[in-house]
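Trainee: Compute the structure for the input listed below.
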Amino acid sequence: MSVLKSLTRLKDAALNLLFPAKCVGCGSTGDYICDSCRSGFPLISSPICEYCGILLKHGNVCMRCRQHSQTIDGIRSLFAFQDSARKAVYELKYNNLRAIAHTMAPLFHDYMLANDISGDVLVPVPLHSSRLRERGYNQSELICRELGKLCNLLFEKKSLVRTQHTKSQTALNRDQRADNVKDVFACKDDIFKGKRVLLIDDVCTTGATLDACAVSLKEKGALAVWGLTFARDL
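Mentor: Model prediction:
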């Protein structure tokens, strides 16, 4: 083990003693998502739309995907955006709890193994430079970096960029969201040519952002693009 790694582990151990991790769900110490709260996360399970991954009562393709074509090959999400799963995303995204990415990444990895999801390269959905400066970090990049270590996949954060600063998607409807992110992403090179890309994000609401990313990735030769998010707003 290198001296740098040893020092890093000692630093982490000291910080854990001074500021022990507390579960975002129940407040118990030990981890940012305790076993009890993790087991209660609202799983998204079949039947789901084979394209966008939304829950269905029957069938295998939702009405929206029947009526509107999309570029992305499919979207899958681990949990419904509810309860403790929502709290986990909120703490990561808005309360600077970057360390929770270490806890979330293994959940992604377990989901990939259980559902036979694979690819050649992991790519976080990028933030615009102004939003990145404001927040100080890209929450999807933090998850993506940790996930890459677990599944031994290439992690690429520089090629896919967000070229325009757009208004928040929060208050927009489905069609407005699609218009808001149209043509705002670009690939700076052809590093994804012939590769299967796994796009990583924290939350999927309508899939508009993920699909807009897929357009740019496929324009540069990506063989396939799948979106994988921690939560899905149902």
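Trainee: Spit out the contact partners of C213.
Mentor: C213 is in contact with I72, V123, V125, P126, L160, F185, L199, V225, G227, counting by Cβ atoms under 8 Å, 6 or more residues apart in numbering. In this view, the C-beta of every residue, glycine as well, is placed from N, C-alpha and C.
Trainee: any idea which of those residues is closest to V24?
Mentor: Distances from V24 to the contacts of C213, taken as Cβ to Cβ, are shortest for V125 (21.8 Å).
Trainee: for the most centrally placed residue in the chain, helix, strand, or coil?
Mentor: For the chain, the residue lying nearest the average C-alpha position, counting by Cα atoms, centre = their mean, turns out to be D201 (1.9 Å). Secondary structure state of D201, per DSSP: H, G, I helix; E, B strand; the rest coil, is strand.
Trainee: and it, what is it in contact with?
Mentor: By Cβ under 8 Å, 6+ apart, the contact set of D201 is P124, V125, S140, T209, L210, G227, L228, T229, F230.
Trainee: are any of the residues you listed buried, and which?
Mentor: Among these, those classed as buried by 16 or more other Cβ atoms under 10 Å are P124, V125, S140, T209, L210, G227, L228, T229, F230.
Trainee: Quickly note the distance from A114 to L43.
Mentor: Using Cβ to Cβ, to the nearest Å, A114 is found at 10 Å from L43.
Trainee: where along the chain do the strands fall?
Mentor: Counting by DSSP state E, one finds strands in the chain at the ranges 74-80, 121-124, 154-155, 160-162, 185-187, 196-204, 224-232.
Trainee: Kindly reformat the ones you listed as TSV containing mean pLDDT.
Mentor: Formatted as TSV, those follow (pLDDT from 0 to 100):
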stretch	mean pLDDT
strand 74-80	96
strand 121-124	98
strand 154-155	94
strand 160-162	96
strand 185-187	95
strand 196-204	97
strand 224-232	97
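Trainee: Now the phi/psi pair for V24, please.
Mentor: In terms of degrees, to the nearest 10, the main-chain angles of V24 are phi -70, psi -20.
Trainee: Settle this for me: it is touching Y94, isn't it.
Mentor: No. At 11.9 Å, V24 does not count as touching Y94 under the criterion of Cβ atoms under 8 Å.
Trainee: quick one, which of those two is more surrounded?
Mentor: Comparing V24 with Y94 by other Cβ atoms under 10 Å, the one with more neighbours is V24, at 24 against 10.
Trainee: If we ignore the residues flanking it in sequence, what's nearest that one?
Mentor: K87 (4.6 Å; Cβ to Cβ, 6 or more residues apart in numbering).
Trainee: And the closest residue to Q70 other than its chain neighbours, how far from V123?
Mentor: In space, and not counting its chain neighbours, Q70 is closest to D211: 4.9 Å by Cβ to Cβ, 6+ apart. Remark: distance between D211 and V123 (Cβ to Cβ) = 14 Å.
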